[in-house]
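**Q** any chance you can model this:
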Amino acid sequence: MIRLNKYLSQQGLASRRQADTLISQGKVLVNDQPAKLGTTIDPDKDTVKFLGKVVVSNKPELETYLVYKPLGYVSTTSDPQGRPTVTSLVKSSTRLYPIGRLDQDSEGLILLTNDGDLAYRLTHPKHHVPKTYHALVTGNVTPTKLNRLRRGVMLKDGRTAPAQIEVIRPQGNKSLLSITIFEGRNRQIRRMFSTQKLEVEKLKRVAIGELELGDLKPGNSKKLDPKDLSSLLH
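**A** Got it, this is the predicted structure:
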């Protein structure tokens, strides 16, 4: 027996979290009955349908790509507004989906995969995977403000976890900062700096765990090998 959300992720249809959303929306049937969150199935006996089509049980080759998301791209598999998506940047016969998000106004490192277990381990809050960004901010950057951000600041959805922040270089009334966070709330870094009256003008993610953007150019990608993934998970 296997949990339905894990089964769907193994088939490359969605991450576990995305699968839970699809299940709650009634888009998944088990033996022609609407599935429920927490459902377990026997892949050899139960028939699973997604959007009316039978999900054929197989274990596709797992693929994970490191991608440099350019500005203007959205971190989804499709977009009703017709904006370009990160999945269009990788040519693969496998259905890939992004691990986590990087908002449209930000650029840098994002991972695309069909490995649901990897996506779960990297996005679940209990694993605290560090993500490092370079932020060009406008405003008066003071040691007091930086220390507040390091300790955690109060946002509408609660206090942020401690962060690592260093000044790379000042640029007049602007400063280029390096910030590492261990959680992934929506537009978190921009909201954090806003509490200190600092505006993020540019934001680029340069690392996830041990994986670094390096000299990869916007729009380019590289397929990760098992060694890369091992260092990331450790």
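**Q** quick one: residues in contact with stretch 183-197.
**A** 100-101, 103, 123, 125, 128, 131, 133, 135, 137, 139-140, 145, 148-149, 153-155, 157, 160-161, 163, 179, 181, 199-200, 203 (Cβ atoms under 8 Å, 6 or more residues apart in numbering). All C-beta atoms are positioned from the backbone trio N, CA, C, and that covers glycine.
**Q** now the helices for the chain?
**A** Counting by DSSP state H, the chain has helices at residues 4-10, 16-24, 116-123, 143-151, 188-194, 226-233.
**Q** from G38, how far out is the most far-flung residue of the chain relative to its centre?
**A** Computed with Cα atoms, centre = their mean, the residue of the chain farthest from its C-alpha average is K45, at 33.6 Å. According to Cβ to Cβ, to the nearest Å, K45 stands 18 Å off from G38.
**Q** same deal with M1?
**A** For M1, the distance to G38 (Cβ to Cβ) stands at 12 Å.
**Q** and the residue positioned nearest the centre of the chain, what does it touch?
**A** Centrality entry for the chain: nearest residue to the mean C-alpha point is G100, 1.4 Å, by Cα atoms, centre = their mean. G100 makes contact with S75, I110, L111, L122, T123, G184 under the criterion Cβ under 8 Å, 6+ apart.
**Q** buried among those? Make that a PyMOL selection.
**A** Command for PyMOL, covering only those of the contacts of G100 found buried under the criterion 16 or more other Cβ atoms under 10 Å:
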select buried, resi 75+110+111+122+123
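**Q** which of the contacts of G100 sit farthest apart?
**A** Farthest pair in those (Cβ to Cβ) is S75 and L122. Separation: 13.6 Å.
**Q** quick one: least confident helix or strand in this protein?
**A** Taking mean pLDDT, DSSP states H and E as the measure, the chain has helix 226-233 as its least confident helix or strand, at a mean of 76.
**Q** from the chain's centroid, how far away is it?
**A** Centroid separation between helix 226-233 and its chain, computed with Cα atoms, centre = their mean, to the nearest Å, is 17 Å.
**Q** how about residues contacting it?
**A** T64, L66, L118, R121, L122, I208, G209, E210, L211, L224.
**Q** wait, isn't the second one in contact with G209?
**A** In other words, L66. No - counting by Cβ atoms under 8 Å, L66 does not reach G209; the two are 11.3 Å apart.
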